[in-house]
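Novice: quick one, what's the 3D model for this:
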Amino acid sequence: MKYYAVIDTNVLVSAMLKEGSAPWQVVQEALDGCITPLLNGEILSEYGEVLLRKKFGFPETAVAKLVTELPKRALFVNAEPTQDILPDPDDAVFYEIVMAAQDKKSAYLVTGNLKHFPTKSFIVTPREMLDIIHNNKS
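Specialist: Alright, predicted model coming up:
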């Protein structure tokens, strides 16, 4: 089964911090093609900007590879403003993209910060996303 997912920046940070973790596995599923990332230019810019912050110390080559490879596998979606008010306005673009892609029955927003978004069945943690994928493979 094919899945579509907006991957929150915090998932990429966590993936780069700990190889083998649930966030890392989600990113691998995106790079391997099981998950089609849902992106737009604003999200892609945020990925690069956040991942290159000195506090993380990620190698520039690793960041460049990730922000080059994910878009090759992505579906670019135009963000549509919603009526929902989010605790952090900077997260709105992630929510707007997943809402714009709801015509795809398997579209998710994968985040480590569930409290930043409304409670919806398609807003999941990395572990929940992996469980969805693995339960549908059986």
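Novice: rest of the way, CA atoms for contacts and neighbours
Specialist: Noted.
Novice: buried set for the helix or strand Ile133 falls within?
Specialist: Under DSSP states H and E, the secondary-structure element containing Ile133 is helix 126-137. The neighbour-count check on helix 126-137 (16 or more other CA atoms under 10 Å) flags Pro126, Arg127, Met129, Leu130, Ile133 as buried.
Novice: same thing with stretch 104-120?
Specialist: Ala107, Tyr108, Leu109, Val110, Thr111, Gly112, His116, Phe117.
Novice: just stretch 69-83 next, same as before
Specialist: Residues of stretch 69-83 classed as buried: Leu70, Pro71, Arg73, Ala74, Leu75, Ala79 (neighbour count, 16+ other CA under 10 Å).
Novice: what's the spacing between it and its chain's center?
Specialist: Mean-position distance between stretch 69-83 and its chain equals 10 Å (CA atoms, centre = their mean, to the nearest Å).
Novice: of the buried residues of stretch 69-83, just say which sits nearest to Val27.
Specialist: Sorting the buried residues of stretch 69-83 by distance to Val27 puts Leu70 at the head of the list, at 8.7 Å, by CA to CA.
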